[in-house]
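A.B. asks: Next input, structure requested:
(one chain, ligands or ions: 1)
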Amino acid sequence: MHELLRNTPDLETLDKRYLFHPFTALADHERNGPMVIVKGEGVWLEDNHGRRYIDGMAGLWCVNVGYGRREIADAIHHQAVTLPYFHAFSSWATDTPILLAEKIIEMAPVPMSKVFFGQSGSDANDTQVKLVWYYNNARGKPEKKKIIARNRGYHGVTVVSASLTGMPALHSGFDLPLPFVRYTTAPYRLWEATPGMSDAAFTAKLARDLEDLILAEGPETVGAVIMEPVMGAGGVIVPPEGYYVAIRAVLDKYDVLLIADEVISGFGRLGTMFGSTAMAMQPDLITVAKGITSAYVPLSGCIVSEKVWRTIVDGQSKLGAFGHGYTYSAHPLAAAAALANLKIIEDDGLVAQAASRGALMHEKLQQAFAGHPLVGEIRGRGLVGAVEFVAKKEPATRFDPTLKIAGRIVKAALAEGLITRALPHADTISFSPPFVISEEEVALMVSRARKAVDTVMDELVREKIW
Ligand code: PMP
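C.D. replies: Numbering: from 1, shown residues only. Below you'll find the model as predicted:
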C-alpha cells in the first residue's frame, strides 16, 4: 500500500463524512454510503472488501485499454519526473502535446487542422461553443449564435454543456438551459418512429424536424448543431442509415457548423477509430475526451477544421486576442498518457478487437434478451450495447418511471458481480466494457446481466407490478 494511504477499515465512514459525490442521490448516500473500488486489472475491479466485479462500463465508457496498463503508468511517471507541467499560453509549449496534436490530426476521420486541449468533455464542449461564436463574430455574423442539440443528447454538465445536454432532469434545480440552445428530435426508433417506418422515411422525418427548427428560429441565428455519432448516456441510440448525410445536407443549406461529440466514440469504441467514420458523419469540429487517455488522467480536445481555424486567426485583427484557455490546456503529463494509450490501441489492434468483441457482445445480447418479456429493444454499435425495458411490447409502453426499473436491474447485476449502468431516462441498461475484454468475459458479462433481469422480473411478479 502507498504510504499516503492510511490502512483504514473505515473508508465508508470517512466518505460519508467528507466526500461530495457527483451525480449521486445524496440523501440515500448519507444513509447507505459508497462502494469503494481499490484495484483494477483488465476488465476486473475489486472493492475494499475483496469482492470482484466485471466492469461492463469501462468506468464511465472510458477505460478502453483496461485497468493496470504499465505502459501508461510508466509514461506518466517518466513525464512527471522529467517535466510535470508547463503551460501553453502566449506561445509557450512542451513536447508531448505537440506530438499528440500531430498524431490526432493524422488520425482524424475528416481533414482537420488543429487541436485545442482541455481537461473534460464538458469543458471541451464549452470551448466548441466559444469557437463557433468567435468564428461567426470573425465572419461578421454576430447573430449566428444559437446551438441546436438533441433531446436526450449528453454533452456535459458545465453551465454551457449542461444546456446542450437534452435532459430536463439535468436542468431543473440549476436554472438551465441557457437561452441560446434549442433541441431537435432524437433518432430514437422505439419512441420517435411510427411502427414499421422504414429507415429512409425515419431519416427524412428527422432531417425535416431539424430543418423546420432552423427555419422557425431563422437560419441567420443558428451557428451550430452538436451531435454524438451514437448517443450514449441518453440511451445508446443509433441513428438510422443515411441520417448524418441527410443532416449534413440541411446544415450546408443554412451555413450551420456540425460539432461531432466523440467523447465516447473517439478512439475505437464503435469499432472504427472515430465514430464519425462509422456513422458517415462530416463534422467541422470534433470533441474528444475519455478514450484519448483511457481515463488514466483527465484530458479532452477540440479538433478544429482549417475553415474554422483560419477564420478565427484572421478574425483576431478585428476581435482582439483569442482570450480562451485553461491552466491545464495542453498538459504535458496528460499528453504523455495519451500518447502511450494511443500506442497501445494501435500496437495491440484494439480498434479491430472492439469491433469483433462488439459483434460477439451483440450476438450474446440477442441470444439472452430477444423475446424476453421485459425487453423492448436491444441496440448498439461496436463495443457499446444497451437493453431497454418496457412494461408492454405492443404497443410499446413505458414503465412508470418511479419504479426505476433500470436502477433495480443494475443493483441486481451488482449482486451477480457485474457493473452495468442505468440510463434512467430510457429505462435502459448499457454495456461499454474495455476493449481488452476476452470472449469468455463477454459471455460472462451477458449471462450475469440476464440473471439480474430475471431476478428483477421475479420481484416485479411477486410485488404484483408486472
Ligand atoms: N459528451 C459526451 C458524449 C459524454 O458522454 C460525456 C460524459 N459522459 C461528456 C460529453 C462530458 O464529459 P465529462 O464528464 O468529461 O465532462
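A.B. asks: Compute the distance between Ala359 and the ligand, please.
C.D. replies: 23 Å (C-beta to the nearest ligand atom, to the nearest Å). For the C-beta atoms, the positions are set from N, CA and C on the backbone; glycine is no exception.
A.B. asks: now do the same end-to-end measure for stretch 284-299.
C.D. replies: 21 Å (C-alpha to C-alpha, to the nearest Å).
A.B. asks: touching the ligand at all, it?
C.D. replies: Yes: Stretch 284-299 reaches the ligand (C-beta under 6 Å from any ligand atom) through Ala289.
A.B. asks: Now do the contacts for the nearest residue to Met281 once chain neighbours are set aside.
C.D. replies: Nearest residue to Met281 in three dimensions, chain neighbours excluded: Tyr244, at 4.2 Å (C-beta to C-beta, 6 or more residues apart in numbering). Residues counted as contacts of Tyr244 (C-beta atoms under 8 Å, 6 or more residues apart in numbering) are 227, 229, 279-282.
A.B. asks: Can you pull the phi/psi pair for the most centrally placed residue in the chain?
C.D. replies: Closest to where the C-alpha atoms of the chain average out (C-alpha atoms, centre = their mean) is Ile264, at 3.5 Å. For Ile264, the backbone dihedrals (degrees, to the nearest 10) come out as phi -90, psi -40.
A.B. asks: my read: it touches Trp61, true?
C.D. replies: Yes: with contact defined as C-beta atoms under 8 Å, Ile264 counts as touching Trp61 (4.7 Å).
A.B. asks: Quick check: neighbours shared by the two?
C.D. replies: Shared contacts of Ile264 and Trp61, counting by C-beta under 8 Å, 6+ apart, come down to 232, 290, 384, 432.
A.B. asks: Which one of these is nearest to the ligand?
C.D. replies: Gly232 (4.5 Å; C-beta to the nearest ligand atom).
A.B. asks: That closest one: how many residues sit nearby?
C.D. replies: 27 (other C-beta atoms under 10 Å).
A.B. asks: Roughly how far does it sit from Phe431?
C.D. replies: For Gly232, the distance to Phe431 equals 12 Å [C-beta to C-beta, to the nearest Å].
A.B. asks: Spit out the residues that contact those two alike.
C.D. replies: Val384.
A.B. asks: picking that back up, just the buried residues of the contacts of Tyr244.
C.D. replies: 227, 229, 279, 281-282 (16 or more other C-beta atoms under 10 Å).
A.B. asks: where in the stretch 351-466 of the chain is pLDDT low?
C.D. replies: The stretch 351-466 of the chain contains no residues with pLDDT under 70.
A.B. asks: I meant the chain, not that one.
C.D. replies: In the chain, residues with pLDDT under 70: 1-7, 9.
A.B. asks: In it, what residue lies closest to the ligand?
C.D. replies: Gly121 (2.3 Å).
A.B. asks: Show me which residues of the stretch 51-200 of the chain are close to the ligand?
C.D. replies: Residues of the stretch 51-200 of the chain lying near the ligand (C-beta under 6 Å from any ligand atom): 60, 120-122, 125, 154-156.
A.B. asks: For the residues you listed, name the two members farthest from one another.
C.D. replies: Leu60 and Asn125 (15.6 Å; C-beta to C-beta).
A.B. asks: Centre of the chain to stretch 99-119, how far?
C.D. replies: 18 Å (C-alpha atoms, centre = their mean, to the nearest Å).
A.B. asks: residues in contact with it?
C.D. replies: 88, 97, 124, 127, 131, 272-274, 276-277, 281-283, 286, 288, 298-306, 309-310, 326, 328-331, 334-335, 338-339, 342.
A.B. asks: ok so, going back, list the buried residues of the helix or strand in which the residue nearest to Met281 is found.
C.D. replies: Assessed by DSSP states H and E, Tyr244 sits inside helix 243-253. Neighbour counts using 16+ other C-beta under 10 Å place 243-244, 246-248, 250-251 of helix 243-253 among the buried residues.
A.B. asks: Let me know the closest of the residues you listed to Thr165.
C.D. replies: Ile247 (19.0 Å).
A.B. asks: I figured Lys466 was touching Asp458, is that so?
C.D. replies: Quick fix: residue 466 reads Trp, not Lys. No: taking contacts as C-beta under 8 Å, Trp466 lies outside contact range of Asp458: 9.8 Å.
A.B. asks: Looking at those two, which has the bigger crowd around it?
C.D. replies: With neighbours defined as other C-beta under 10 Å, Trp466 and Asp458 compare such that Trp466 has more, 17 against 12.
A.B. asks: Show me the contact partners of the lengthiest helix in the chain.
C.D. replies: The longest helix of the chain (DSSP state H) is helix 439-462. Identification of contacts with helix 439-462 by C-beta under 8 Å, 6+ apart yields 43, 54, 56, 357, 360-361, 364-365, 367-369, 372-375, 387, 389, 405, 408-410, 412-413, 415-418, 420, 429, 431, 433, 437, 466.
A.B. asks: buried set for that helix?
C.D. replies: 441-446, 448-453, 455-457, 460.
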